[in-house]
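1. Could you look at this predicted model? Sequence included:
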Amino acid sequence: MSPTPFTRTDVQALDEALDTLVTSGGSPGGIVICGTQAGERHVISAGVVAPECGDAPPTEHTVYDAASLTKVIATWPLIGRALDTGLLDLDTPVGAYLAPIAGDAPGTDATIRQLLTHTSGLRAETRLDRYRGNPTPLAELLCREPLEEPPGRHRYLNRGFILLGLALAHVHQRSLHELAAELWTDLGMTETTYGPVTRSPHVAPTEQRLTGAPRIWGAVHDDNAALLGGIAGHAGTFTTAADLATYAEHLLAPQQPLHTWLTASHTAQAPIEPGLDRGLAWLVADDGQAVYHHGWTGTSLYLAPTTGRYIAICTNAVYHGPPGPRLFPLRTLARKTLTAT
């Protein structure tokens, strides 16, 4: 089946929505790429990278903090590879893939599937700063904390993906940074990396947290990822819209190895609200017609497995503070446009 191309009307509507986000003060600028698995790409740009970076507009090669897109561009594909090689099993407790922990550690009973689907019952709040100076390994500290509720209900949380990153490093006996770099090289994602990255006009700054303090620029925005040196299973990656497009083309192409993992992952696993479920890591909507994930800083990746379409969004909307409501119109349109035929 040939992928469904985007119409001129589709592209114009996304262009107008991105422009509205920028002109209304929602983000300094941004990039949207809408395309198909066959290689069609429409690149939409608005605004500037940031005032600190001059007047040049962002391009598909401008580097953005991906935030929680890390979950699906680093951890999730690495889990898929580990499942293929037999290093992991979806329904085995994560404790089997960590260094042995003696005594009471309820978090070790969470399965890989439960961590991917945010149904583990682990504590939702994650404050790694409370562990400063503690010599106990991080996985043990996380797993010893009591569950907030029995496993089963969907509650979005980061600590599950932190544990998945630690498990991947343990079973491979290699750092998560090395594993991800190898993956991205294999996929041709040459501009994607864990931070920090060197400040430049081609790197989008994020938030200024204290008046008079330097703005975060080239360092990871997420506090917990920062405490982990910028390398974590839930956040820490930097990427470009061009690389997200390349990644989407790999995921949607039936001949590519990760396509099978995507097919397994966009089956609904846990209900969130009517019409929206959690698959394995990904959000699943419209009866599986839309598969997507967001990053807090202002990034999103939308996939339509049945039509071969995708939409990649890179902004630094967090430049102006918590960005969720400001991004809602663009993200809503992206999901609607993705599934239009």
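-> Structure's in. What do you need? As the structure is a computational prediction, the values presented were derived from the model and not from experiment.
2. Tell me if I'm right that residue 81 and residue 183 touch.
-> Yes - between residue 81 and residue 183 there is a contact at 7.2 Å, judged by CB atoms under 8 Å. In this view, the C-beta of every residue, glycine as well, is placed from N, C-alpha and C.
3. How about residue 150: what's its closest non-neighbour residue?
-> In this structure, residue 150 finds its nearest non-sequential neighbour in residue 121, 5.5 Å apart by CB to CB, 6 or more residues apart in numbering.
4. Can you say which helix or strand has that neighbour in it?
-> Residue 121 belongs to no helix or strand when assigned by DSSP states H and E.
5. And residue 314, by the same measure?
-> strand 309-315.
6. pLDDT on that strand, on average?
-> With pLDDT averaged residue by residue, strand 309-315 scores 98.
7. got it, and stretch 116-131?
-> The model assigns stretch 116-131 a mean pLDDT of 96.
8. thinking in terms of the whole chain, how far from its middle is that stretch?
-> Here the centre of stretch 116-131 is set off from its chain's centre by 17 Å, with CA atoms, centre = their mean, to the nearest Å.
9. on contacts alone, who are the packing partners of the strand holding residue 314?
-> Packing partners of strand 309-315 (3 or more CB pairs under 8 Å, 6 or more residues apart in numbering; DSSP states H and E): strand 29-36, helix 241-252, strand 299-304, helix 324-339.
10. Now do the first one against helix 241-252, angle only.
-> For strand 29-36 against helix 241-252, the angle between stretch directions is 30 degrees (axes from the mean of the first three to the mean of the last three CA atoms, to 10 degrees).
11. could the helices and strands packed on strand 309-315 go into TSV alongside mean pLDDT and distance to residue 156?
-> Converted to TSV, these look like this (pLDDT from 0 to 100; distance: least, CB to CB, whole Å):
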stretch	mean pLDDT	distance to residue 156
strand 29-36	98	24
helix 241-252	98	21
strand 299-304	98	15
helix 324-339	96	13
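12. Pipe those into JSON lines and attach mean neighbour count and distance to residue 138 per row.
-> Output for the helices and strands packed on strand 309-315, formatted as JSON lines (neighbours: other CB atoms under 10 Å; distance: least, CB to CB, whole Å):
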{"stretch": "strand 29-36", "mean neighbour count": "26", "distance to residue 138": "34"}
{"stretch": "helix 241-252", "mean neighbour count": "25", "distance to residue 138": "28"}
{"stretch": "strand 299-304", "mean neighbour count": "26", "distance to residue 138": "26"}
{"stretch": "helix 324-339", "mean neighbour count": "18", "distance to residue 138": "28"}
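13. out of those, nearest to residue 10?
-> Residue 10 lies closest to helix 324-339 among the helices and strands packed on strand 309-315, at 5.1 Å (CB to CB).
14. CA-only coordinates of that closest one in PDB, if you can.
-> Coordinates of each C-alpha in helix 324-339 appear next as PDB, following Å, rounded to 0.1, in the frame of the first residue of the first chain:
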ATOM      1  CA  GLY A 324       1.600  22.700  27.400                       C
ATOM      2  CA  PRO A 325      -1.500  24.900  26.800                       C
ATOM      3  CA  ARG A 326       0.400  27.000  24.200                       C
ATOM      4  CA  LEU A 327       1.200  23.900  22.200                       C
ATOM      5  CA  PHE A 328      -2.200  22.400  22.400                       C
ATOM      6  CA  PRO A 329      -3.600  23.900  19.100                       C
ATOM      7  CA  LEU A 330      -0.600  22.900  17.000                       C
ATOM      8  CA  ARG A 331      -0.500  19.400  18.500                       C
ATOM      9  CA  THR A 332      -4.300  18.900  18.100                       C
ATOM     10  CA  LEU A 333      -4.000  20.000  14.500                       C
ATOM     11  CA  ALA A 334      -1.100  17.600  13.900                       C
ATOM     12  CA  ARG A 335      -3.000  14.600  15.200                       C
ATOM     13  CA  LYS A 336      -6.100  15.600  13.100                       C
ATOM     14  CA  THR A 337      -4.100  16.200  10.000                       C
ATOM     15  CA  LEU A 338      -2.100  13.000  10.400                       C
ATOM     16  CA  THR A 339      -5.200  10.800  10.200                       C
END
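15. ok, residues contacting that helix?
-> Contact with helix 324-339 is made by 6, 10, 13-14, 17-18, 20-21, 24, 26-27, 32, 34, 285-286, 289-290, 292, 294, 298, 300, 302-304, 307, 309-311, 313, 315, 317, 320, as judged by CB atoms under 8 Å, 6 or more residues apart in numbering.
16. Going through these, which ones are buried?
-> By neighbour count, with 16 or more other CB atoms under 10 Å, the contacts of helix 324-339 hold 6, 10, 13-14, 17-18, 21, 26-27, 32, 34, 285, 289-290, 292, 294, 298, 300, 302-304, 307, 309-311, 313, 315, 317 as buried.
17. That concludes my questions; thank you for your assistance.
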